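K.L.:
The following comprises the amino acid sequence and a computationally predicted model.
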Amino acid sequence: MSQDEMPKIDPKRRRARGALSNHASRYEPVREEVTDGWDIEEERRSFVTEVSEESPRSVITRNQSPDISFDRSLNPYRGCEHGCVYCFARPTHAYLGLSPGLDFESKLVARPKAAEVLERELSKKSYRAEVMAIGTNTDPYQPIERRYRIMRATLEVLERFNHPVAIVTKGTLIERDIDILARMAEKGLAQVGISLTTMDAGLSRAMEPRCPVPARRVEMIRKLSAAGVPVRVMLAPVVPGLSDHEVEALLTAGGEAGAKAASWVMLRLPREVAPLFEEWLKEAFPQRAAKVMARVREMHGGEVYAADWGKRMRGEGVYAEMVAQRFEAARKRLGLASDLPALRTDLFAVPLARDGQLALF
């Protein structure tokens, strides 16, 4: 059975979820549909969020991509309950034998000992500090952080080591940690990127069903900025035909709330994200679906996605260039920088143990 032939899940079961289906990952060669021969409809429960736990030996992920400005990152969670249908991280769930569809937003993995493992890694004599990026894959302040508090513990470790950190989030739970972030920011050790996709609450609820509404995210920018934490407003992603007309409005909202810098990323549809997004688009915006996908293909040489470095984040062609020019003109007019000031790495030091002895690692 092809993916297009797979039945969609009953809308009642996937209420407040982003994906419409739960197709098997690309690593599962066999897909099957089982029936017992009965035609009686059966009431089935909604998809509830399930959380499993893992204890990794390392929590620092390294990368050498020329498209991004950091060489290391940390992810407290796998999967994300925010359920953004466009999320480029969805394909990572395939590595767990789970679907990038509804599994990605309902079957999560937490790393409760992440802070403990991080402390061991930072204490190694060979370790050299550079900016630690958090939230580059899945959101560290998604709803389950309220229970697990992994980010709070992680920030406490980074603060003790005077280690620089750059966080990206849509989650209001970051406000809980403003005390730590403000102290680190005062030393030049912390900055935050807040993702704004649209100011239309209805569109936001459709695309990113469990995220804070746009106005609430603007308030996050205001609170962080007031506490002295440098904030970058991130138009991520700009969605052709749905949110592209809001570039100027989003930058204005972020700037007025106190953001000092701005950046943008075009909609990216790698691997399983493309069919999931197109499936959602046809149901949510059937009259616009063809136009949106035509714009997407226009930017990638006729394909829905091209992974080439230097092109995958923005696309190319007349339309992509037009969005880039509009963004730059609005950014400069509003006095927003293209990036936040570099964070300090020279303050990094392994702290003394609580008994006053030097750390052993």
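P.N.:
Cool, got the structure.
K.L.:
Let me see the ranges of the helices in the stretch 101-250 of the chain.
P.N.:
102-106, 114-122, 145-148, 150-160, 178-186, 201-207, 214-226, 247-256 (DSSP state H, counting those that start in this stretch).
K.L.:
Quickly compare these and say which is most buried.
P.N.:
Compared across these, helix 102-106 shows the largest average neighbour count, a mean of 26 (mean count of other Cβ atoms under 10 Å). Where C-beta positions appear, they are placed from N, C-alpha and C, glycine not excepted.
K.L.:
list the helices and strands the longest helix seen in the chain packs on?
P.N.:
Longest among the helix segments of the chain by residue count, using DSSP state H, is helix 318-333. Contacts defined by 3 or more Cβ pairs under 8 Å, 6 or more residues apart in numbering; DSSP states H and E place helix 318-333 against helix 247-256, strand 261-266, helix 289-298.
K.L.:
do you know which of these lies nearest Gly193?
P.N.:
Judged by Cβ to Cβ, the one of the helices and strands packed on helix 318-333 that comes nearest to Gly193 is strand 261-266, at 7.5 Å.
K.L.:
Please save the CA atoms from that closest one in PDB.
P.N.:
Extracted C-alpha coordinates of strand 261-266, given in PDB (Å, rounded to 0.1, in the frame of the first residue of the first chain):
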ATOM      1  CA  ALA A 261      18.200  41.400  15.900                       C
ATOM      2  CA  ALA A 262      16.200  39.400  13.300                       C
ATOM      3  CA  SER A 263      16.700  36.400  11.000                       C
ATOM      4  CA  TRP A 264      14.500  34.300   8.600                       C
ATOM      5  CA  VAL A 265      14.300  30.900   7.100                       C
ATOM      6  CA  MET A 266      12.200  29.800   4.200                       C
END
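K.L.:
Show me the shaky parts of the stretch 51-200 of the chain.
P.N.:
The stretch 51-200 of the chain contains residues with pLDDT under 70 at 67.
K.L.:
Which parts of it are strands?
P.N.:
Here the stretch 51-200 of the chain has its strands, by DSSP state E, counting those that start in this stretch, at 60-62, 72-74, 77-78, 107-110, 132-134, 165-169, 190-195.
K.L.:
how about the ones you listed, which one is nearest Cys87?
P.N.:
Among the strands of the stretch 51-200 of the chain, strand 190-195 comes nearest to Cys87, with 10.8 Å by Cβ to Cβ.
K.L.:
quick one: contacts for the nearest residue to Gln64 once chain neighbours are set aside?
P.N.:
Nearest residue to Gln64 in three dimensions, chain neighbours excluded: Asp71, at 6.9 Å (Cβ to Cβ, 6 or more residues apart in numbering). Going by Cβ atoms under 8 Å, 6 or more residues apart in numbering, Asp71 touches Arg62, Asn63, Gln64, Glu130.
K.L.:
quick one on the thing from earlier: is it possible to export the strands of the stretch 51-200 of the chain to TSV including mean neighbour count and distance to Pro143?
P.N.:
Shown next, in TSV, are the strands of the stretch 51-200 of the chain (neighbours: other Cβ atoms under 10 Å; distance: least, Cβ to Cβ, whole Å):
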stretch	mean neighbour count	distance to Pro143
strand 60-62	13	23
strand 72-74	20	19
strand 77-78	22	10
strand 107-110	20	10
strand 132-134	23	17
strand 165-169	23	12
strand 190-195	25	16
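K.L.:
returning to what we had before: any idea which of the helices of the stretch 101-250 of the chain gets closest to Pro237?
P.N.:
Here helix 201-207 is closest among the helices of the stretch 101-250 of the chain (Cβ to Cβ), at 9.7 Å.
K.L.:
helices or strands up against the closest one?
P.N.:
Here helix 201-207 touches helix 214-226, going by 3+ Cβ pairs under 8 Å, 6+ apart.
K.L.:
and the residue nearest to Ala182 when sequence neighbours are not counted, how far is that from Arg217?
P.N.:
Leaving aside its chain neighbours, Ala182 sits nearest to Ala227 (4.4 Å; criterion: Cβ to Cβ, 6+ apart). Going from Ala227 to Arg217 by Cβ to Cβ, to the nearest Å gives 16 Å.
K.L.:
what's the answer for Met293, then?
P.N.:
Distance, Met293 to Arg217, by Cβ to Cβ: 27 Å.
K.L.:
Thr92 now?
P.N.:
Thr92 sits 24 Å away from Arg217, going by Cβ to Cβ.
K.L.:
re earlier: in the contacts of Asp71, find the pair that's most separated.
P.N.:
The largest separation in the contacts of Asp71, counting by Cβ to Cβ, is between Gln64 and Glu130 at 12.6 Å.
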